[in-house]
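Colleague: Build me a model:
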Amino acid sequence: MKAEPRFHNAPHFKNFWEKGNGKELLDWADVTPDLGNFEKYASLYHEVDDLSDDLVKETYLKLPYPEASALIKKYSTSKISENADEPESLKRFFLQMQEVPNWFDEDLANNGARLCMRSGTNALIILRDFVLMGGYDYAYLNKPLIFTGALKKGAVKRLKDTLEFWVHVTREDALKVNSEAYQLIIRTRLMHSYARLKIKEKGKDWDYEIWGEPINFWDMIATYTGFSLVLMQGLKKLGVKISEKEEGGVFHLWKYIGYLLGIPTEYLPENRQQAVEQLYLWSTLQDQGDEDSVQLAQALLAENLESTIYKYPFQRKLLLNLHQSMNWFLLDREINERLQIPKVAVTAVFPKFIIKANQIAQQIYNLDDPRKNRKLVEIGHKDQMKVLEDYIKHTPKDFQY
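Modeller: Here you go, the predicted structure:
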């Protein structure tokens, strides 16, 4: 089975890359993608994390849940040795996880982590209203969510899980072996495999030729490019200044996270030029948003009204309007229209307020002054942790994790 760049000449593809946010990315990276490079990555559309799949088959699909869970927890919190008397699949998985590659530069990754932290609630707005919502317009990328029934569970849990993952993996020194973030990455990696194996077992309607393997490597790289490249694009739209060191650090941080998630590192982008070209080539595989995309987008909007973080209905309605204004400020018009996101009367007011606030903060806390920059990092970290705590507190407890 061979992936083909079937949508390279489609109107939605051309509009994005010739007029919309895609053109902005191409200009920022100063690259002209070569469609001839598609073949370098095409096989990733049908490749998956076999190490993790093998482990899930030997644990969660074979043993009683408490037994499987205890085994995973044991080696998530302590190192495994090659001589351990455990199944080969478990040893292979955890030996790969705990091997820190020679190329990993913790100082460089920490530069990226500090940007993620100092961007504070700006980053959370971008992740929700630009990265997550914009990602729903890639019709095939979202099929695993539909096949696993995630849509029916609503957006509250999905947002909480995404926020919890992102916040924990983007702290300074967070990714040490057996750390909390490391354990969260293990759970995420195994969850991907569990979902994939269940789709393959039950999803007789899964279209392997068009959609690739469920949760394949190329879709995963595109997703984590959202957390690096697209996040920084969004932050720039909100007036957040990003240094070259910080930008390089963000890509390095996500390269290491990608490695821990089982993705072959030779394909993970190291800079914006590589990231933009690969996103361009990957998106030739993706149809525009469909009915499932609209349902996912509407569920994300409805989460504002369903969440109990704010007590009163008028507060929730105001929050919904603020997020809709950000959608219209950040995303291309045709994507907003395709996802059926209502346009609010004062679309530009909230984004302009945020941009002005960021400009003032960056003047007060001079980014070139390490001490003042550090203060912004601390403030941003505190703000993000407060939002995460609210989400954890208000996520319904009857969800199955």
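
Colleague: what pLDDT does the closest residue to residue 62 other than its chain neighbours get?
Modeller: Spatial nearest neighbour of residue 62, excluding adjacent residues (Cβ to Cβ, 6 or more residues apart in numbering): residue 68 at 7.6 Å. Using the backbone N, CA and C atoms, a C-beta is placed for each residue, glycine as well. With respect to pLDDT, residue 68 scores 94.

Colleague: Give me the average confidence score over the helix ranked longest in the chain.
Modeller: Secondary structure assigned by DSSP state H gives helix 370-394 as the longest helix of the chain. Averaged across helix 370-394, the pLDDT comes to 91.

Colleague: neighbouring contacts of that helix?
Modeller: The contact list for helix 370-394 (Cβ atoms under 8 Å, 6 or more residues apart in numbering) reads 114, 117-121, 123-124, 156, 159-160, 163-164, 167, 171, 307-309, 361-362, 364-367.

Colleague: and with 10 Å instead?
Modeller: 113-124, 156-157, 159-164, 166-168, 170-172, 243, 246, 306-310, 361-362, 364-367, 369 (Cβ atoms under 10 Å, 6 or more residues apart in numbering).

Colleague: Now go through these and say which are in helices.
Modeller: 113-118, 120-124, 156-157, 159-164, 166-168, 246, 306, 361-362, 364.

Colleague: does the residue nearest to residue 62 really touch residue 87, like I thought?
Modeller: No. Residue 68 is beyond contact range of residue 87, at 11.1 Å (criterion: Cβ atoms under 10 Å).

Colleague: quick one: common contacting residues for the two?
Modeller: 55, 58, 59, 62.

Colleague: Helix 155-169 and the longest helix of the chain, what's the angle between them?
Modeller: If you take axes from the mean of the first three to the mean of the last three Cα atoms, to 10 degrees, helix 370-394 sits at 150 degrees to helix 155-169.

Colleague: Flag every buried residue along helix 370-394.
Modeller: 373, 376, 377, 380, 381, 383, 384, 388, 390, 391 (16 or more other Cβ atoms under 10 Å).

Colleague: about what we covered before: narrow the shared contacts of residue 68 and residue 87 to just the buried residues.
Modeller: 55, 58, 59.

Colleague: Let's see which of these end up in helices.
Modeller: 55, 58.

Colleague: ok, how many other residues are close to the residue nearest to residue 62?
Modeller: By the criterion of other Cβ atoms under 10 Å, residue 68 has 18 neighbours.

Colleague: helix, strand or coil for it?
Modeller: Classification of residue 68 using DSSP: H, G, I helix; E, B strand; the rest coil returns helix.

Colleague: Wait, residue 93 touches residue 261, no?
Modeller: No. Look at residue 93 against residue 261 with Cβ under 10 Å: they stay out of range, at 11.9 Å.

Colleague: Among these two, which residue is more densely surrounded?
Modeller: A direct count of neighbours by other Cβ under 10 Å for residue 93 and residue 261 places residue 93 higher, at 28 against 23.

Colleague: Where does the more buried one fall, secondary structure wise?
Modeller: helix 88-98 (DSSP states H and E).
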